[in-house]
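J.: prediction below, plus the sequence it came from.
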Amino acid sequence: MYRASDIARYIIERCKENNTPISNLKLQKILYFVQAEFLVTKNQPCFAEEIEAWDFGPVVPSVYYEYRVFGGANIPCIGRTVGKRSISARDREILNGIIDECADYSASALVDITHSQTPWIKAYEQDGYNNEITIESIKAYFEE
(Lines give C-alpha, C1' and ligand atoms only; values in the text may rest on other atoms or scores of the structure.)
Protein backbone atom coordinates (compact mmCIF):
# COMPACT_ATOMS: atom_id res chain seq x y z
CA MET A 1 0.00 0.00 0.00
CA TYR A 2 1.18 3.48 -0.83
CA ARG A 3 0.85 6.89 0.76
CA ALA A 4 -1.80 9.08 -0.84
CA SER A 5 0.72 11.92 -1.14
CA ASP A 6 3.05 9.72 -3.23
CA ILE A 7 0.18 8.69 -5.51
CA ALA A 8 -0.85 12.34 -5.84
CA ARG A 9 2.68 13.31 -6.89
CA TYR A 10 2.69 10.50 -9.42
CA ILE A 11 -0.65 11.70 -10.84
CA ILE A 12 0.68 15.26 -11.13
CA GLU A 13 3.84 14.03 -12.89
CA ARG A 14 1.83 11.89 -15.31
CA CYS A 15 -0.45 14.80 -16.16
CA LYS A 16 2.53 17.06 -16.79
CA GLU A 17 4.15 14.42 -19.04
CA ASN A 18 0.91 14.33 -21.05
CA ASN A 19 0.46 18.13 -21.07
CA THR A 20 -2.79 17.72 -19.17
CA PRO A 21 -3.61 20.47 -16.67
CA ILE A 22 -4.47 19.26 -13.18
CA SER A 23 -6.01 21.27 -10.38
CA ASN A 24 -6.45 20.15 -6.79
CA LEU A 25 -10.14 19.51 -7.53
CA LYS A 26 -9.32 17.20 -10.43
CA LEU A 27 -6.53 15.53 -8.44
CA GLN A 28 -8.99 14.64 -5.69
CA LYS A 29 -11.38 12.95 -8.11
CA ILE A 30 -8.58 11.00 -9.77
CA LEU A 31 -7.42 9.76 -6.34
CA TYR A 32 -10.95 8.50 -5.71
CA PHE A 33 -11.06 6.63 -9.03
CA VAL A 34 -7.56 5.22 -8.43
CA GLN A 35 -8.71 3.87 -5.07
CA ALA A 36 -11.76 2.31 -6.73
CA GLU A 37 -9.68 0.67 -9.45
CA PHE A 38 -7.25 -0.85 -6.94
CA LEU A 39 -10.13 -2.16 -4.84
CA VAL A 40 -11.71 -3.86 -7.83
CA THR A 41 -8.63 -5.12 -9.69
CA LYS A 42 -6.30 -5.90 -6.79
CA ASN A 43 -8.84 -6.40 -3.99
CA GLN A 44 -6.90 -3.97 -1.82
CA PRO A 45 -6.74 -0.20 -1.39
CA CYS A 46 -4.05 1.81 -3.13
CA PHE A 47 -3.58 4.04 -0.07
CA ALA A 48 -4.70 3.99 3.57
CA GLU A 49 -5.82 7.60 3.96
CA GLU A 50 -9.55 8.22 4.23
CA ILE A 51 -11.61 9.68 1.43
CA GLU A 52 -14.28 12.09 2.63
CA ALA A 53 -17.49 13.37 1.05
CA TRP A 54 -17.09 17.12 0.58
CA ASP A 55 -19.35 19.54 -1.29
CA PHE A 56 -17.45 19.09 -4.55
CA GLY A 57 -17.12 15.31 -4.30
CA PRO A 58 -14.62 12.89 -2.79
CA VAL A 59 -11.52 14.36 -1.15
CA VAL A 60 -8.42 12.95 0.53
CA PRO A 61 -8.00 15.70 3.16
CA SER A 62 -4.24 15.35 3.68
CA VAL A 63 -3.59 15.70 -0.06
CA TYR A 64 -6.11 18.53 -0.39
CA TYR A 65 -4.33 20.56 2.30
CA GLU A 66 -0.94 19.86 0.72
CA TYR A 67 -2.05 21.43 -2.59
CA ARG A 68 -4.63 23.99 -1.49
CA VAL A 69 -2.08 26.77 -1.88
CA PHE A 70 -2.74 26.51 -5.65
CA GLY A 71 -6.45 27.23 -5.22
CA GLY A 72 -8.27 26.47 -8.47
CA ALA A 73 -5.11 26.88 -10.56
CA ASN A 74 -3.14 24.07 -12.12
CA ILE A 75 -0.60 22.37 -9.89
CA PRO A 76 2.96 22.68 -11.23
CA CYS A 77 5.22 19.66 -11.40
CA ILE A 78 8.19 20.36 -9.19
CA GLY A 79 10.77 17.96 -10.59
CA ARG A 80 10.72 14.20 -10.33
CA THR A 81 9.61 12.58 -7.12
CA VAL A 82 10.36 9.26 -5.54
CA GLY A 83 6.91 8.14 -6.70
CA LYS A 84 8.06 6.37 -9.84
CA ARG A 85 10.77 4.49 -8.02
CA SER A 86 8.52 3.42 -5.16
CA ILE A 87 5.50 2.36 -7.24
CA SER A 88 5.68 -1.05 -8.90
CA ALA A 89 5.52 -1.31 -12.68
CA ARG A 90 2.16 -3.13 -12.54
CA ASP A 91 0.68 -0.49 -10.26
CA ARG A 92 1.98 2.27 -12.56
CA GLU A 93 0.07 0.59 -15.40
CA ILE A 94 -3.14 0.71 -13.35
CA LEU A 95 -2.49 4.31 -12.35
CA ASN A 96 -1.70 5.38 -15.91
CA GLY A 97 -4.93 3.86 -17.19
CA ILE A 98 -7.06 5.76 -14.68
CA ILE A 99 -5.12 9.01 -15.01
CA ASP A 100 -5.28 8.93 -18.81
CA GLU A 101 -9.00 8.12 -18.78
CA CYS A 102 -9.80 10.91 -16.31
CA ALA A 103 -7.63 13.38 -18.25
CA ASP A 104 -10.35 13.55 -20.91
CA TYR A 105 -12.75 15.09 -18.38
CA SER A 106 -12.80 18.53 -16.81
CA ALA A 107 -12.71 18.83 -13.04
CA SER A 108 -16.37 19.88 -13.03
CA ALA A 109 -17.35 16.86 -15.15
CA LEU A 110 -15.56 14.58 -12.67
CA VAL A 111 -17.44 16.30 -9.82
CA ASP A 112 -20.72 15.62 -11.63
CA ILE A 113 -19.78 11.97 -12.14
CA THR A 114 -18.88 11.42 -8.48
CA HIS A 115 -22.02 13.26 -7.34
CA SER A 116 -24.10 10.70 -9.21
CA GLN A 117 -22.43 7.72 -7.52
CA THR A 118 -23.74 5.94 -4.44
CA PRO A 119 -20.56 6.09 -2.30
CA TRP A 120 -20.47 9.91 -2.29
CA ILE A 121 -24.26 10.28 -2.09
CA LYS A 122 -24.60 8.00 0.96
CA ALA A 123 -21.64 9.51 2.81
CA TYR A 124 -22.73 13.06 2.07
CA GLU A 125 -26.35 12.42 3.11
CA GLN A 126 -25.29 11.40 6.63
CA ASP A 127 -24.55 14.96 7.74
CA GLY A 128 -22.99 16.56 4.71
CA TYR A 129 -19.37 17.62 4.62
CA ASN A 130 -16.51 15.50 5.99
CA ASN A 131 -18.10 12.06 6.27
CA GLU A 132 -15.89 9.15 5.29
CA ILE A 133 -16.59 7.39 2.02
CA THR A 134 -15.75 3.88 3.14
CA ILE A 135 -13.58 1.45 1.25
CA GLU A 136 -16.45 -1.04 1.44
CA SER A 137 -18.92 1.33 -0.21
CA ILE A 138 -16.46 2.21 -2.99
CA LYS A 139 -15.65 -1.42 -3.67
CA ALA A 140 -19.29 -2.53 -3.63
CA TYR A 141 -20.32 0.23 -6.03
CA PHE A 142 -17.55 -0.32 -8.55
CA GLU A 143 -17.86 -4.10 -8.51
CA GLU A 144 -21.47 -3.83 -9.76
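T.: Ah, there it is. Residues are numbered from 1 along each chain as shown.
J.: just list what the top helix by length along the chain packs against, helices and strands only.
T.: Ranked by residue count and defined by DSSP state H, the top helix of the chain is helix 24-41. On a contact count with 3 or more Cβ pairs under 8 Å, 6 or more residues apart in numbering; DSSP states H and E, helix 24-41 meets helix 4-17, strand 51-54, strand 57-59, helix 61-67, helix 89-103, helix 107-115, helix 135-143. Glycine gets a C-beta too; all of them are placed from N, C-alpha and C.
J.: mind doing that once more with 10 Å?
T.: helix 4-17, strand 51-54, strand 57-59, helix 61-67, helix 89-103, helix 107-115, helix 118-127, helix 135-143 (3 or more Cβ pairs under 10 Å, 6 or more residues apart in numbering; DSSP states H and E).
J.: give the buried residues for the last one.
T.: Spelled out, that is helix 135-143. For helix 135-143, the neighbour count (16 or more other Cβ atoms under 10 Å) marks Ile135, Ser137, Ile138, Lys139, Tyr141, Phe142 as buried.
J.: which residues touch Thr106?
T.: Wrong residue type there; residue 106 is Ser, not Thr. Ser106 makes contacts with Pro21, Ser23, Leu25, Lys26, Asp112, as judged by Cβ atoms under 10 Å, 6 or more residues apart in numbering.
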